[in-house]
Structures are given as structure tokens and as C-alpha cells.
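[1] Structure for this input, please:
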Amino acid sequence: MRAASRAEGRLGSAERGGADLARTRLTWVLGLAVAALAIAAPHVFTSIAARHLLVLIGINIVLVASLDLLIGGAGLLSLGHAAFMGVGAYASALLVKAGQPFAVGLGAGLLAGALAGLLVGLPALRLKGHYFSVVTFIVGIIITILMTNLVDLTRGPMGLTGIPFAKVDLFGWHHTFKTIVFKVGYYYLVLAFAALVLLLRWRLGRSRFGRALTAVKGDENLAESVGIATYRVKLTAFTVAAAIAGLAGSLYAHYTAFISPDSFTFVHSFDLFVMNLLGGAGTVAGPIIGPVFLTALSSGLKGLSPALAHVVHGTVLILVIVALPTGIAGGVKRAAEALRGRRR
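    As a prediction, the model looks like this:
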């Protein structure tokens with residue numbers, strides 16, 4: 001009997017190992033396929049409007065991946081994420097307009113977002129549940145109001161014009177991304193940052209820090225009882241997410257060459273929240289699926305009616321909560337697991 005049990009155990013371990021290997025191979029194949037599609041996209045969709053949409057999708061992927069560190073990683077519902085994007089956008093734009101290189105502006109956007117996230121997170125993360133969400137919502141509105149009223153610095157509702165295009169200097173090679181007409185080069189620049197942020201999100205999720213975030217999401221009191229410094233873990237995640245949002249703001253500012261407070265309102269924060277839920281919070285593919293689907297849909301609907309776009313966003317959110325609580329990626333994963341279970 002014991003020999004039979006050991007044999008069954010070895011057989012079960014072998015089957016699990018084979019299933020894990022198959023999943024790993026499938027993940028690599030799908031990842032390479034997505035990368036190939038992303039690289040080929042601007043050569044398939046060749047119109048200026050389509051390439052503009054591709055750049056926006058790339059920037060939204062950066063934003064949603066950073067937001068997923070909070071929602072999918074720690075269960076923190078932040079409703080003011082676009083405000084940190086705005087802080088980074090203005091910091092980068094003002095510095096580069098003053099004569100600093102694009103790389104300095106990019107770093108400034110990252111640091112400004114991180115500093116804003118730290119200042120907001122220090123008091124806000126002592127609150128839990130809906131109270132934290134309400135604070136981030138209010139802070140997002142306050143930051144937008146500051147952008148509107150600091151006219152001497154931001155030009156207020158008139159917007160900041162004449163933002164220099166991104167310039168890259170590498171080993172004697174100089175290039176200016178003139179994004180008004182030529183968008184392919186800048187798309188690949190944004191794509192590179194999107195890939196780096198997605199890789200960072202994936203690595204963090206599988207690190208000791210990521211496991212601490214998962215513990216906080218599951219039961220914060222229990223996490224504290226086993227020695228996890230929950231406040232510090234949440235503050236670190238919030239600061240990193242805000243820093244990446246600031247980076248995305250810098251990329252956006254030097255792409256459009258014009259920014260205004262209207263670009264960083266609660267509506268944009270809500271859009272990012274819907275993208276995260278639609279794609280699948282806490283999943284690898286979610287930060288890609290949500291932005292691709294909703295950015296393309298929103299762009300098409302806004303061409304018809306801006307009000308209709310907001311109605312559709314709300315409808316999509318309701319449908320996701322009811323039909324796909326784990327998002328598209330989570331729904332596909334559950335369907336695949338159910339299919340494997342039936343085959344057995």
C-alpha cells in the first residue's frame with residue numbers, strides 16, 4: 001500500500017510538473033506573439049490617426065501597469081492616478097522648456113510623481129478601505145485645481161504650449177522625435193518603456209515584496225501579525241506607482257507638445273481604473289488587454305460623441321463587475337482551467 005501511494009505521489013508530481021512546463025511554454029509563445037504584434041503594429045496600421053492611437057495605448061499600458069501594482073497587487077483602490085501623471089507631465093515640460101535635455105525631464109517626471117505619491121501616501125495610507133479611496137479621489141481633484149490656478153507656472157486652463165519634442169543623444173547619435181507627423185519612432189520609444197514597466201510589474205509580483213503585497217491584499221491584520229510592515233509596504237507600492245505615472249506623464253507631454261489640466265482629471269483616473277478591471281487586476285496580461293480594448297473603443301466613440309464614450313465606460317464597468325469580476329484575462333484563465341478539468 002505504501003509503495004502504491006508513493007508511486008501515485010510521484011505520478012501526480014510528474015503530471016503537475018508537465019502541466020507547469022506546458023503553461024510556461026504557452027506563456028512564452030503568447031508573450032513572443034504579443035511582442036511581434038506590437039513591433040509590427042505601426043507598419044500594419046499606417047494612417048496618422050491609427051499610429052497616434054498606438055502611442056496612446058502604449059502610454060496607457062504604462063499607467064495601467066503602475067495602477068495594477070496598487071489594485072491588483074495590494075488591493076488599494078486609488079482614484080487619483082491621473083493626477084500623478086499630470087505632476088510628472090508639468091515637471092518634465094517646464095524643465096525641458098527651460099533648456100534641460102529630455103532625459104533630465106524624464107527623470108524629473110519620475111521623481112516629481114514619486115514625491116507627490118509619497119506626500120499623499122504618508123497620511124492617506126493610514127486609512128483603510130473606502131476612506132483611502134475617497135482621499136485619493138479628493139487629492140486628485142485638488143491637484144487638478146492647483147494646475148488650473150497656478151497660472152504663472154502652468155498657464156492654467158489655457159494650457160502649456162510649445163513643449164519641446166523629445167531629443168535623444170546616444171554615443172554621438174542625435175534624433176528628434178517630431179511627433180506631429182512622424183509617430184513611428186516615438187511609438188517604439190513608448191513601447192520600450194511599456195515593456196520595461198510590464199517587466200518590472202511582473203518581477204515585483206514574484207518577489208518578496210510582491211508576496212508581502214499579496215498578504216496585505218488578503219488580510220492586512222493577519223499580515224501584520226506575521227511581521228510584515230504593512231504600512232511601509234503600501235507606501236512603497238504607492239510611491240513606485242506614482243513615480244511610473246509621472247514617467248508616463250513626461251512621455252505624454254513631449255508627445256503632444258501641449259498639456260492642460262483637462263488631460264489629468266478624475267475622468268482619466270476613472271478610465272484607467274476601468275481599463276485595469278477590464279483587463280484583469282493582478283494578471284500578467286491585464287495591463288495590456290484593458291488599455292488596448294478600451295483606448296481603441298473610446299477613440300472610436302469620441303469621434304461620434306464624447307458623452308457616449310463616458311456612458312459606454314460606465315456600462316463596460318458594470319458588465320465586467322457582473323460577468324467578469326476577474327477581467328478578460330482572469331475569465332480566459334478560468335475557462336482554460338475548467339477545460340483542463342473536464343479533459344481529466
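[2] Surely Ile71 is in contact with Phe273?
    Yes: shown here, Ile71 and Phe273 form a contact pair, counting by CB atoms under 8 Å, at 7.5 Å. Where C-beta positions appear, they are placed from N, C-alpha and C, glycine not excepted.
[3] Give the residues shared as contacts by the two.
    Residues touching both Ile71 and Phe273 by CB atoms under 8 Å, 6 or more residues apart in numbering: Leu77.
[4] mind showing which ranges of the stretch 51-200 of the chain have poor pLDDT?
    The stretch 51-200 of the chain contains residues with pLDDT under 70 at 172.
[5] just the helices in it please.
    For the stretch 51-200 of the chain, the helices defined by DSSP state H, counting those that start in this stretch occupy 81-97, 102-124, 130-149, 151-154, 184-205.
[6] most tightly surrounded among these?
    Of all the helices of the stretch 51-200 of the chain, helix 81-97 carries the top mean neighbour count, a mean of 28, counting by mean count of other CB atoms under 10 Å.
[7] tell me the angle that helix makes with helix 130-149.
    Interaxial angle of helix 81-97 relative to helix 130-149 (axes from the mean of the first three to the mean of the last three CA atoms, to 10 degrees): 30 degrees.
[8] which residues does Leu37 contact?
    By CB under 8 Å, 6+ apart, no residues touch Leu37.
[9] element containing it?
    Assigning secondary structure by DSSP states H and E places Leu37 in helix 2-44.
[10] Mean confidence (pLDDT) on that helix, please.
    Averaged across helix 2-44, pLDDT comes to 70.
[11] returning to that earlier point: between the helices of the stretch 51-200 of the chain, which gets nearest to Arg51?
    Of all those, helix 184-205 sits nearest to Arg51, with 6.3 Å by CB to CB.
[12] Buried ones in the helix or strand following that closest one, by neighbour count?
    As assigned by DSSP H and E, the chain's next helix or strand after helix 184-205 is helix 208-218. The neighbour-count check on helix 208-218 (16 or more other CB atoms under 10 Å) flags Phe209, Gly210, Ala212, Leu213, Thr214, Ala215, Val216, Lys217 as buried.
[13] my read: the second one touches Leu204, true?
    Right, Gly210. Yes: under the criterion of CB under 8 Å, Gly210 makes contact with Leu204 at 4.9 Å.
[14] who touches both of these two?
    By CB under 8 Å, 6+ apart, the residues touching both Gly210 and Leu204 are Gly73.
[15] With the flanking residues excluded, which residue is spatially nearest to the residue nearest in space to the middle of the chain?
    What sits nearest the mean C-alpha location of the chain, by CA atoms, centre = their mean, is Val64, with 1.9 Å. Residue nearest to Val64 in three dimensions, not counting chain neighbours: Pro287, with 4.5 Å by CB to CB, 6 or more residues apart in numbering.
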